[in-house]
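S.K.: sharing a model that was predicted from the sequence below.
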Amino acid sequence: MLSFFILGAAATRYKMEYKKTLRVEEEKGGVRGYINVFANGLVSVCAAVGFGVTQNPVFIAVYLGSVATAAADTVAGEIGVCSGKPRLITTFQPVSEGTNGGVTFTGEVAGFFGAMFIAACAVLLGVADFSLFVAAMIGGFIGTNLDSLLGELFENKHMWGNAGTNFLATLGGGVVTALLWAIISIFSG
């Protein structure tokens, strides 16, 4: 979790002055509000509690996938918004910077490396093996794109806010990671 906070803080401060000219910077100098933190962290907290109660390693997979999703989404958004004209994830039509569902190639690459960073930190800390590293890296990347898709399909239509999108994306990234980890474990062991 500390790796996510450090990575997220660095990405948020990336080209802050430029983001201010676009009016897409996070408020309060880049500090996220408690609702954003709660929405991004609820799945990982529940997974940590689930592991503490059951000792079932599937909860480690859900935890890592949700954190990798949150990190990938933060990095993709903060770097992607500074890297050219985004395209809508559903139609690939150009949209304004900061539009929910807008993605850029640079943002996608940054998001992938954000998920990989979280997964690599888990390996270095002895929390994950190679199969979980691969699952969390892919699950986090899928989760950040799920965030973009949900933002376009539901948040832009005012069906829910950013907190709902973040919660569902981290849940999706956690579940995808757990499923991928189970599949990889079956074929590798």
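M.R.: The structure has been received and is ready for your questions.

S.K.: what mean pLDDT does the longest helix anywhere in the chain get?
M.R.: The longest helix of the chain (DSSP state H) is helix 162-188. Average pLDDT, helix 162-188: 95.

S.K.: and stretch 118-126, by the same measure?
M.R.: 94.

S.K.: which positions in that stretch come out as buried?
M.R.: 118, 119, 120, 121, 122 (16 or more other CB atoms under 10 Å). From N, CA and C alone the C-beta is placed, and that goes for glycine too.

S.K.: what of stretch 54-61?
M.R.: Applying 16+ other CB under 10 Å to stretch 54-61 flags 57, 58, 59, 60, 61 as buried.

S.K.: which strands or helices does the longest helix of the chain pack on?
M.R.: In terms of contacts (3 or more CB pairs under 8 Å, 6 or more residues apart in numbering; DSSP states H and E), helix 162-188 is packed against helix 34-54, helix 58-80, helix 130-150.

S.K.: which parts of it are buried?
M.R.: 162-163, 165-181, 184.

S.K.: pLDDT weak spots in the chain?
M.R.: Along the chain, segments meeting pLDDT under 70 span 1-32, 82, 189.

S.K.: do that again at 50, thanks
M.R.: Under the criterion pLDDT under 50, the flagged ranges of the chain are 28-30.

S.K.: just how off-centre is stretch 107-122 within its chain?
M.R.: 9 Å (CA atoms, centre = their mean, to the nearest Å).

S.K.: I should have written stretch 118-128 there, sorry.
M.R.: Computed by CA atoms, centre = their mean, the chain-centroid distance of stretch 118-128 equals 16 Å.

S.K.: CA atoms only: put that stretch into PDB for me.
M.R.: Extracted as PDB, the C-alpha positions of stretch 118-128 are listed here (Å, rounded to 0.1, in the frame of the first residue of the first chain):
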ATOM      1  CA  ILE A 118       2.800  -2.800  -7.400                       C
ATOM      2  CA  ALA A 119       3.200  -6.400  -8.400                       C
ATOM      3  CA  ALA A 120       7.000  -6.200  -8.400                       C
ATOM      4  CA  CYS A 121       6.900  -4.600  -4.900                       C
ATOM      5  CA  ALA A 122       4.800  -7.600  -3.700                       C
ATOM      6  CA  VAL A 123       7.300 -10.000  -5.000                       C
ATOM      7  CA  LEU A 124      10.200  -8.100  -3.400                       C
ATOM      8  CA  LEU A 125       8.400  -8.100  -0.100                       C
ATOM      9  CA  GLY A 126       7.800 -11.800  -0.300                       C
ATOM     10  CA  VAL A 127       4.000 -11.400  -0.500                       C
ATOM     11  CA  ALA A 128       3.700 -12.800  -4.100                       C
END
